[in-house]
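Undergrad: Next come a sequence and a model predicted from it.
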Amino acid sequence: MPHAPHVSESLPPVLLHDLPARAAVLWPAQRALTLNDQHVNYRDLQAQVSALAGGLLALGLCPGDRVAVFLDKRTEAVVASFAAPAAGGVLVPVNPLLKPAQVAHILQDSGAQVLVTSASRLVQLGAALAGCSGLRHVVVCDGVAEGGSFGFKEHAWADLLQAPAASLPARLESDVAAIFYTSGSTGLPKGVVLSHRNLVAGAISVAGYLNNHASDTLLAALPLSFDAGFSQLTTAFLVGARVVLLNYLLPRDVLQAMAKEQVTGLTAVPPLYMQLAALDWPAEATRSLRYWANTGGRMPGATLKRLRECAPDASPFLMYGLTEAFRSSYLPPAEVDRRPDSMGRAIPNVDIRVLRDDGSECEADEPGELVHRGPLVALGYWNRPDETALRFRPLPPALVNGREGLAAAEMAVFSGDTVRRDADGFLYFVGRRDEMIKTSGYRVSPTEVEEAVHASGLVREVLAVGVAHETLGQVIHVAAVAVDAADTAALLAHCRAQLPGYMVPTAVHWSQEPLPRNPNGKLDRPRWKAERERSQHSPHSEGPT
């Protein structure tokens, strides 16, 4: 077995793979993972991580080589996610919901040399792998490897675990640990490059304000390819908690898992919470629930109210983050009643600024761009220097706080999100700059329109978009899923009572199916808009109804 890093209770984790290694020393018999009725303790988890790291080194993996993991949530996916950086490689998690062409793009773009997947998924990918010229090895985690095609070799997972012992390469916290690909709703996915420091510092900060501990059971409902989904692993392994891996088909499966496993912490995105809020929650689902956390978008007020009714003893944590900096802010539960629409203040060890276009700081309640500084800021975009330079850059000279004498400036990430900060320092999301609707000379946040529509109580899901208009620039259309019967007149009457005239939707498109989501589960405005435009230009379709 390869040499394991030396860890002790007095030494904090530094590298990503230190997290399970340290947990195996401190809590060897504690359950680390649960999948269905199978459990893996930290001792056995670390043994598999070490063994697979040795197997990857036996394949000739070099420091910095990319290792893609295309699996559903299962023990092998977790093992590979930590074995890859332990062997000196770079983890590239691939969302299991992606189609072959999308997977091939990520493999090509990242230059992945190794792919870890299942036999059925390998068959699914098929000829899409033909263009992945850099791919040298495919590790099949179930079944028997069948040779290889398209220039790569296939290897059985069990064979790699039997590789001879090897010493792990030395790595630094500043080295690249992972590349997380964004959802790509406005173009091809791009990789956000994260260091060991980014991921470990994020785990320490989040576990701190969530007060995670070894008695926690966290439900991994989000994809592990999503930064907030992967965070369930890192925060749990930091403190010796248990992670329940869930590949759910229906929202009710989430509630059933919460009841069966007595989950203490749930993190999800607003679309899933909207679906959960529409269900009746069994008492067993909340008996042990200590907190639930929201990320990936603003939580509608009606959904927040309903969730608090479903889980009255659980603390709600409303969070904001971006893949380029993992997590930026959270609203303490004690503030939820007073500021239910706030995304809180900066998380520990993070500096958040709200800046004008000229780089100066905004006044209280003045909208500006959220800029994030600190150890969670990613290294940039993979193979995209121009986009990296645009998004990752130093703070303006007036804000460097004594760093002006240094040769190299510290990089901050300019989020592209418009927010405002109130007089007490609490942040409020206004909208994505590239999604703002420009109508009648006004800039309108689609999230503000969506919040008003949700408040009607007539819809389960809603998204708002701007549609080109000859005289007004754009008009506002909304797509919605009704709670009961679709009632356009009642919905628009509610909007007229709650919103200024220029913000009232001019059209409502009712859908009997859930609204489109990107692979991370967020509602996908660009995709809905593109699908609507295609349907309008099709001679065989009348468009959304």
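TA: Received the coordinates, thanks.
Undergrad: Output the below-cut-off pLDDT ranges for the stretch 401-545 of the chain.
TA: 404, 406-408, 441-442, 537-545 (pLDDT under 70).
Undergrad: need the strands for it, in chain order.
TA: 411-421, 427-432, 437-439, 442-444, 459-469, 473-482, 507-510 (DSSP state E, counting those that start in this stretch).
Undergrad: between those strands, which one is nearest to Ala53?
TA: strand 411-421 (30.4 Å; C-beta to C-beta). Using the backbone N, CA and C atoms, a C-beta is placed for each residue, glycine as well.
Undergrad: quick one: buried residues of that closest one?
TA: Residues Met411, Ala412, Val413, Phe414, Ser415, Asp417, Thr418, Val419, Arg420, Arg421 are the ones in strand 411-421 that count as buried (16 or more other C-beta atoms under 10 Å).
Undergrad: Find the pair from these with maximum spatial separation.
TA: Applying C-beta to C-beta across the buried residues of strand 411-421, the maximum distance is between Met411 and Arg420, 24.3 Å.
Undergrad: domain parsing for this protein?
TA: 28-193, 248-431, 436-537 (automatic domain parsing).
Undergrad: Leu11: how many residues sit nearby?
TA: 12 (other C-beta atoms under 10 Å).
Undergrad: ok, and the closest non-adjacent residue to it?
TA: Once flanking residues are discounted, Leu11 sits nearest to Arg22: 7.6 Å by C-beta to C-beta, 6 or more residues apart in numbering.
Undergrad: from memory that neighbour sits against Val14, does it?
TA: No: taking contacts as C-beta atoms under 8 Å, Arg22 lies outside contact range of Val14: 9.7 Å.
Undergrad: more neighbours, the two?
TA: Taking other C-beta under 10 Å, Arg22 and Val14 do not tie; Arg22 has more neighbours (24 against 17).
Undergrad: Find me the pLDDT at that one, would you?
TA: Arg22 is assigned 97 on the pLDDT scale.
Undergrad: now swap in Gln46 and tell me
TA: Listed pLDDT for Gln46 reads 98.
Undergrad: what sits against Arg171?
TA: Leu15, Pro63, Pro85, Gly88, His196 (C-beta atoms under 8 Å, 6 or more residues apart in numbering).
Undergrad: want to try TSV for these, with distance to Asn41 as columns?
TA: Converted to TSV, the contacts of Arg171 look like this (distance: C-beta to C-beta, whole Å):
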residue	distance to Asn41
Leu15	22
Pro63	30
Pro85	21
Gly88	26
His196	24
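Undergrad: rewinding a little: looking at the strands of the stretch 401-545 of the chain, which is closest to Ala165?
TA: Between the strands of the stretch 401-545 of the chain, strand 411-421 lies closest to Ala165; by C-beta to C-beta that is 39.1 Å.
Undergrad: sorry, back to before: right, and the domains of the chain - which one's nearest Asp216?
TA: domain 248-431 (4.8 Å).
Undergrad: Any idea how far apart the tips of the closest one sit?
TA: Start and end residues of domain 248-431 are separated by 30 Å (C-alpha to C-alpha, to the nearest Å).
Undergrad: Glu366 belongs to a strand, doesn't it?
TA: No: judged by DSSP: H, G, I helix; E, B strand; the rest coil, Glu366 forms no part of a strand; its state is coil.
Undergrad: Going forward, the N-terminal residue is numbered 22.
TA: Shifting the count to begin at 22 puts that one at Glu387.
Undergrad: hey, what's the closest residue to it other than its chain neighbours bridged with?
TA: Counting by C-beta to C-beta, 6+ apart, Arg441 is the residue found nearest to Glu387 once chain neighbours are left out, at 6.4 Å. Counting by DSSP bridges, Arg441 is bridged to Tyr449.
Undergrad: Might one say that Arg441 is in contact with Tyr449?
TA: Yes: the criterion here is C-beta under 8 Å, and Arg441 meets it with Tyr449 at 5.1 Å.
Undergrad: What is the helix or strand where Leu239 lies packed up against?
TA: Assessed by DSSP states H and E, Leu239 sits inside strand 238-241. For strand 238-241, the elements it packs on are helix 248-260, strand 263-266, helix 272-282, strand 286-289, judged by 3 or more C-beta pairs under 8 Å, 6 or more residues apart in numbering; DSSP states H and E.
Undergrad: okay, those in TSV with mean pLDDT, distance to Ser236 and mean neighbour count next?
TA: Listed next are these as TSV, based on pLDDT from 0 to 100; distance: least, C-beta to C-beta, whole Å; neighbours: other C-beta atoms under 10 Å:
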stretch	mean pLDDT	distance to Ser236	mean neighbour count
helix 248-260	97	9	25
strand 263-266	98	9	24
helix 272-282	97	13	19
strand 286-289	97	11	26
